[in-house]
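K.L.:
how would this look folded up:
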Amino acid sequence: MNLNRHIKEGWTPQYFIDELSMQLDMIQRDKSWMKPLKTKAELKAWCMDNQPYYKKYVPEVVTYFATKYNLS
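P.N.:
Modelled structure (predicted):
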């Protein structure tokens, strides 16, 4: 998995991971108004909705978080 791959305008998967990490961690620890995500499909939709500036699927971002939170 290449987290430094160029996606667009200098953005990389690592950039999006860094931007989403704190918010997703709160959700997954049930410290948010939103219920924890249970599937990789839910995670994919959430990532695309919450990535700043870029609303397309980034496989490395979803794979990183799915692995971290044991989602399938």
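
K.L.:
Against the centre of this structure, work out the most remote residue.
P.N.:
Farthest-out residue of the chain from its mean C-alpha position, per C-alpha atoms, centre = their mean: E9, at 18.8 Å.

K.L.:
show me the contacts for the most centrally placed residue in the chain.
P.N.:
Geometric centre of the chain, nearest residue: C47, 4.3 Å, by C-alpha atoms, centre = their mean. The contact partners of C47, by C-beta atoms under 8 Å, 6 or more residues apart in numbering, come to F16, L20, Y57, V58, V61, V62, F65. (Glycine included, C-beta is placed from N, CA and C.)

K.L.:
Likewise for Y53?
P.N.:
W11.

K.L.:
And what about it, helix, strand or coil?
P.N.:
coil (DSSP: H, G, I helix; E, B strand; the rest coil).

K.L.:
Quick one: residues in contact with whatever helix or strand E19 lives in.
P.N.:
E19 is part of helix 13-28 when elements are defined by DSSP states H and E. With C-beta under 8 Å, 6+ apart as the test, helix 13-28 has contacts from 1-5, 7, 32, 34-37, 46-47, 50-52, 54, 58, 60-61, 64-65, 69.

K.L.:
Those residues, buried ones only, as a ChimeraX selection?
P.N.:
Buried subset of those, written as a ChimeraX selection, criterion 16 or more other C-beta atoms under 10 Å:
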select :7,37,46,47,51,58,60,61,64,65,69
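
K.L.:
okay, T12: pLDDT?
P.N.:
Note on T12: pLDDT of 96.

K.L.:
whoops, L71 was the one
P.N.:
So L71 comes in at 96 (pLDDT).

K.L.:
Apart from its neighbours in sequence, what residue is nearest L43?
P.N.:
In space, L43 comes closest to L37 once its chain neighbours are excluded; the distance is 5.0 Å by C-beta to C-beta, 6 or more residues apart in numbering.

K.L.:
wait, is that neighbour part of a strand?
P.N.:
No. Counting by three-state DSSP, L37 falls outside a strand, being coil.

K.L.:
Does it touch S72 like I think?
P.N.:
No. At 11.5 Å, L37 and S72 do not qualify as touching, with contact defined as C-beta atoms under 8 Å.
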